[in-house]
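In: quick one, structure for this:
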Amino acid sequence: LSAIKKIKEDNKVKALLLEVDSPGGAVYESVELYRALKDLKESRQIPIYVSMKSMAASGGYMISMAADKIFADTETTTGSIGVILSTFNISKLLEEHGIKPEVFKSGDHKDLLSMY
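Out: Residues are numbered from 1 along each chain as shown. From the prediction side, this is the model:
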């Protein structure tokens with residue numbers, strides 16, 4: 001973020017080339033970088049280019065979306081802005097063995113990924 005701030009204040013910079021090589025990361029930081037890049041592009045009217053290296057997934061891909069153009073090699077692994085989550089449902093197995101789970105929760109969706 002400090003580098004983006006310096007670029008924003010330096011009128012000699014005419015474009016930004018960002019190399020992205022990331023499997024992702026935390027959502028907050030990814031959004032923060034994406035917004036900072038969008039703000040830089042809008043306030044300075046400079047083009048932003050992204051060169052994706054071996055991986056630009058999840059947060060790495062999200063950051064890349066601020067660019068005017070994205071360049072990726074055929075071997076670059078990219079995509080997956082967002083989340084995929086899997087869980088098991090063992091309710092029938094528990095039922096077959098006479099086990100009844102008790103769930104105590106403080107909100108409607110707190111047990112969204114419950115296995116029961």
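
In: neighbours of residue 51, how many?
Out: The number of residues packed near residue 51 is 18, by other CB atoms under 10 Å. Any C-beta I mention is one placed from the backbone N, CA and C, and that applies to glycine too.

In: do the one 4 residues further on as well
Out: A count of neighbours around residue 55, defined by other CB under 10 Å, yields 17.

In: what are the contacting residues of the strand or helix carrying it?
Out: According to DSSP states H and E, residue 55 maps onto strand 48-57. Contacts of strand 48-57 with the rest of the structure, by CB atoms under 8 Å, 6 or more residues apart in numbering, involve 15-24, 37, 40-41, 60, 63-64, 66-73, 75-80.

In: before we move on, what about stretch 101-116?
Out: Residues outside stretch 101-116 that contact it (CB under 8 Å, 6+ apart): 85, 87-91, 94.

In: next SSE downstream of the lowest-mean-pLDDT helix or strand in the chain?
Out: Lowest by mean pLDDT, DSSP states H and E among the helices and strands of the chain is strand 77-79, with a mean of 88. Beyond strand 77-79 in the direction of the C-terminus, DSSP H and E gives the next helix or strand as helix 91-96.

In: count the residues that sit near the residue nearest to residue 41 when sequence neighbours are not counted.
Out: Here the nearest residue to residue 41 in space, its sequence neighbours aside, is residue 48; by CB to CB, 6 or more residues apart in numbering that works out to 5.3 Å. Using other CB under 10 Å, residue 48 is surrounded by 20 other residues.

In: same question for the one 4 residues further on.
Out: The local packing count at residue 52 equals 23, with neighbours defined by other CB under 10 Å.

In: how about it: what's its closest non-neighbour residue?
Out: With sequence-adjacent residues excluded and distances taken as CB to CB, 6+ apart, residue 52 is closest to residue 72, at 4.0 Å.

In: touching, that neighbour and residue 78? I think so.
Out: Yes - counting by CB atoms under 8 Å, residue 72 touches residue 78, with 5.8 Å between them.
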